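Engineer: mind folding the following:
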Amino acid sequence: MTEKECEHHHDEDEKMRKCIGAVVLGFIAVVLFVVFLVWAILHPHGPRFVLQDATIYAFNVSQPNYLTSNIQVTLSSRNPNDKIGIFYDRLDIYASYRNQQVTLATLLPATYQGHLDVTVWSPFLYGTTVPVAPYFSPALSQDLTAGMVLLNIKIDGWVRWKVGTWISGRYRLHVNCPAYITLAGHFSGDGPAVKYQLVQRCAVDV
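Structural biologist: This is a model prediction of the structure:
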């Protein structure tokens, strides 16, 4: 084969590689465009959480800087989408007071939520002699004297969207449910359980 023929053969190989590369890139671009188009048309909305109630079994400062708490909460989540399902891969729920976590995180069961479905959970949130900041006890005493304590029931987790057979990647989920608990000034924790009907809408960030 002459040098000229070799150069011609090399040029044809180069053109073939460029052609294949262009086809592959074009195919990827079309797939991404279709996915984006479907996503834009369906316009998924994040789940809507509502804190239904909270039952306080214990909530008291047992030592100067330690808190013991035992709380059961009932909350619901609704999928507002009529064409999109939601996978809850991992949801950790816990209680916080004045921006400090006061219970251990409880893992909610992974679940799939169909179109317009509602899911209800009723987990227990525990915290035994949890170390708290020095300002915690005086702040709690002030709130108890005022007759109201603001707890925040928070959820951190991951969700995925399902459209037909297509399932998205994981998205971070943050939920914050304010719980205004009216407590008498003498309340210090252990004693008869007190249930509060709240029906409080939660802030959701996906």
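Engineer: going along the chain, name the helices of the protein.
Structural biologist: 3-42, 136-146 (DSSP state H).
Engineer: ok, the residue nearest the centre of the chain - contacts?
Structural biologist: Using CA atoms, centre = their mean, the residue of the chain that lies closest to the mean C-alpha position is residue 173, 3.1 Å off. Going by CB atoms under 8 Å, 6 or more residues apart in numbering, residue 173 touches 46, 47, 88, 91, 155, 156, 157, 158, 159, 204, 205, 206. For glycine as for every other residue, the C-beta is placed from the backbone atoms N, C-alpha and C.
Engineer: shouldn't the first one be in contact with residue 203?
Structural biologist: By that I understand residue 46. No. Residue 46 is beyond contact range of residue 203, at 10.5 Å (criterion: CB atoms under 8 Å).
Engineer: okay, the two: which has more neighbours?
Structural biologist: residue 46 (17 against 12; other CB atoms under 10 Å).
Engineer: looking at the chain, which helix or strand is least sure?
Structural biologist: helix 3-42 (a mean of 66; mean pLDDT, DSSP states H and E).
Engineer: go through stretch 66-81 and flag the buried ones.
Structural biologist: 66-79, 81 (16 or more other CB atoms under 10 Å).
Engineer: and of those, the nearest to residue 32?
Structural biologist: residue 81 (21.7 Å; CB to CB).
Engineer: any idea how far the closest one is from residue 46?
Structural biologist: With the distance defined as CB to CB, to the nearest Å, residue 81 ends up 9 Å from residue 46.
Engineer: before we move on, what about residue 132?
Structural biologist: From residue 132 to residue 46 the distance is 32 Å (CB to CB).
Engineer: who does residue 181 bridge with?
Structural biologist: residue 149 (DSSP bridges).
Engineer: which ones among the contacts of residue 173 lie within strands?
Structural biologist: 88, 91, 155, 156, 157, 158, 159, 204, 205 (DSSP state E).
Engineer: ok, so of these, who is nearest residue 114?
Structural biologist: residue 88 (12.2 Å).
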